[in-house]
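A.B. asks: starting from these lines, generate the structure:
(chains A and B)
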2 protein chains.
Amino acid sequence: MTTNPNESGWALDPQIERDTVPVGDLPLCRVLLMRDANYPWLLLVPRRCGASELTDLDPAEQALLIAETAQAGRVLRAVTACDKINLAALGNVVPQLHVHVIARMRSDPAWPRPVWNVVPAREYEAAARDRLVATLREQLSLVSS
Amino acid sequence: MTTNPNESGWALDPQIERDTVPVGDLPLCRVLLMRDANYPWLLLVPRRCGASELTDLDPAEQALLIAETAQAGRVLRAVTACDKINLAALGNVVPQLHVHVIARMRSDPAWPRPVWNVVPAREYEAAARDRLVATLREQLSLVSS
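C.D. replies: Have a look, this model is predicted:
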């Protein structure tokens, strides 16, 4: 694959790296699975140095981000048969721009509240996590994984 | 103004109407100010019947939604001199698709947590609210207000 010049020097935030398992790369974003079995939960991180706010991306990148977010939401919904997709870009703690794409079930521990600060993260059983990541890799239009 | 045929029959969700003050319309979204003086907080509601998930919009509407979200965030940041913009589309309680655009300050009552379920909404003093709405109307590229 070719690397967009805007991507040079980009590196994933170390806290995001600790909290996630890599899934692969879409044209703009790195896709990661949160290490929290309470909710099937993806992060999309645009590979753009220094981006913190949506408005740090140019309009074409913003359009790509929403298209990739929609794709991730559609795939996550199909894979999990969830009741609702929750989307968020907060960044008060980790400033590197990242979009949460979270599959919500009426039976999940936080429903109907947002997921933050409700219950502690719960580790996946390794085989279940690997199966979910493999399924996501099959369904997403990744440029690398 | 002309009305997009996709907009016919659309009406604002009654709970969103109760919780907000109208600001005006961007080409796709109605813009509203949340009745919560804890945080300068806009809602963007696409005027599309039955839309609940981002993926209920077509790709052109998704691109318009992100452009209008970026505009609202830029204006809100300029008007409030906030530290961070938080964006979210949740919809677990009110299914009508709506995007939260929230100005966050290090001094606000929830920082750095997401704003939900931290402190009760606090009513604006009427003159302060009207000034904020007037400033937002001046700064946003509204098609009507």
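A.B. asks: just the buried residues of the helix ranked longest in chain A, please?
C.D. replies: Longest helix in chain A, counting residues (DSSP state H): helix A:59-80. Neighbour counts over helix A:59-80 (16 or more other CB atoms under 10 Å in any protein chain shown) mark A:61-77, A:79-80 as buried. Every residue, glycine included, has its C-beta placed from N, CA and C.
A.B. asks: all helices of chain A, in order?
C.D. replies: According to DSSP H, the helices that chain A contains are A:14-19, A:59-80, A:126-139.
A.B. asks: which of those helices sits closest to chain B?
C.D. replies: helix A:59-80 (4.0 Å; CB to the nearest CB).
A.B. asks: what's the closest one packed up against?
C.D. replies: Contacting helix A:59-80 under the criterion 3 or more CB pairs under 8 Å, 6 or more residues apart in numbering or on different chains; DSSP states H and E are the following elements: strand A:29-34, strand A:41-46, strand A:84-89, strand A:99-104, helix A:126-139, helix B:59-80.
A.B. asks: quick one: mean pLDDT for it?
C.D. replies: Average pLDDT, helix A:59-80: 97.
A.B. asks: now the angle from that helix to strand A:41-46?
C.D. replies: 160 degrees (axes from the mean of the first three to the mean of the last three CA atoms, to 10 degrees).
A.B. asks: so what's the residue nearest to the spatial centre of chain A closest to, chain neighbours aside?
C.D. replies: In chain A, the C-alpha nearest the mean C-alpha coordinate belongs to residue A:43, at 1.6 Å (CA atoms, centre = their mean). In space, and not counting its chain neighbours, residue A:43 is closest to residue A:32: 4.6 Å by CB to CB, 6 or more residues apart in numbering or on different chains.
A.B. asks: ok, and what's touching stretch A:55-73?
C.D. replies: Here stretch A:55-73 makes contact (CB atoms under 8 Å, 6 or more residues apart in numbering or on different chains) with A:26-29, A:31, A:42, A:44, A:46, A:48, A:50-51, A:54, A:85, A:87, A:97, A:99, A:101, A:140-141, B:53-55, B:59, B:62-63, B:65-67, B:70, B:73-74, B:77, B:85.
A.B. asks: restrict that stretch to CA atoms and write it as CSV.
C.D. replies: Taking C-alpha atoms only, stretch A:55-73 is exported to CSV below (Å, rounded to 0.1, in the frame of the first residue of the first chain):
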residue,chain,number,x,y,z
THR,A,55,-12.0,20.2,12.7
ASP,A,56,-8.2,19.3,12.6
LEU,A,57,-9.1,17.1,9.6
ASP,A,58,-9.7,18.7,6.3
PRO,A,59,-13.3,18.4,4.8
ALA,A,60,-12.3,15.4,2.6
GLU,A,61,-10.9,13.6,5.6
GLN,A,62,-14.0,14.5,7.6
ALA,A,63,-16.1,12.9,4.9
LEU,A,64,-13.9,9.8,4.9
LEU,A,65,-14.1,9.6,8.7
ILE,A,66,-17.9,9.6,8.7
ALA,A,67,-18.0,7.0,5.8
GLU,A,68,-15.6,4.7,7.8
THR,A,69,-17.6,5.3,11.0
ALA,A,70,-20.8,4.3,9.1
GLN,A,71,-19.0,1.2,7.7
ALA,A,72,-17.8,0.2,11.2
GLY,A,73,-21.2,0.7,12.7
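A.B. asks: look up how far residue B:82 lies from residue A:32.
C.D. replies: 27 Å (CB to CB, to the nearest Å).
A.B. asks: compare those two and say which is more crowded by neighbours.
C.D. replies: residue A:32 (22 against 19; other CB atoms under 10 Å in any protein chain shown).
A.B. asks: pLDDT weak spots in chain A?
C.D. replies: Within chain A, the ranges that satisfy pLDDT under 70 run A:1-5, A:145.
A.B. asks: which bits of it sit near chain B?
C.D. replies: With the criterion set to CB under 8 Å from any CB of the partner chain, chain A comes near chain B through A:52-55, A:59, A:62-63, A:65-67, A:69-70, A:73-74, A:77, A:84-93, A:95, A:104, A:111-114, A:116-117.
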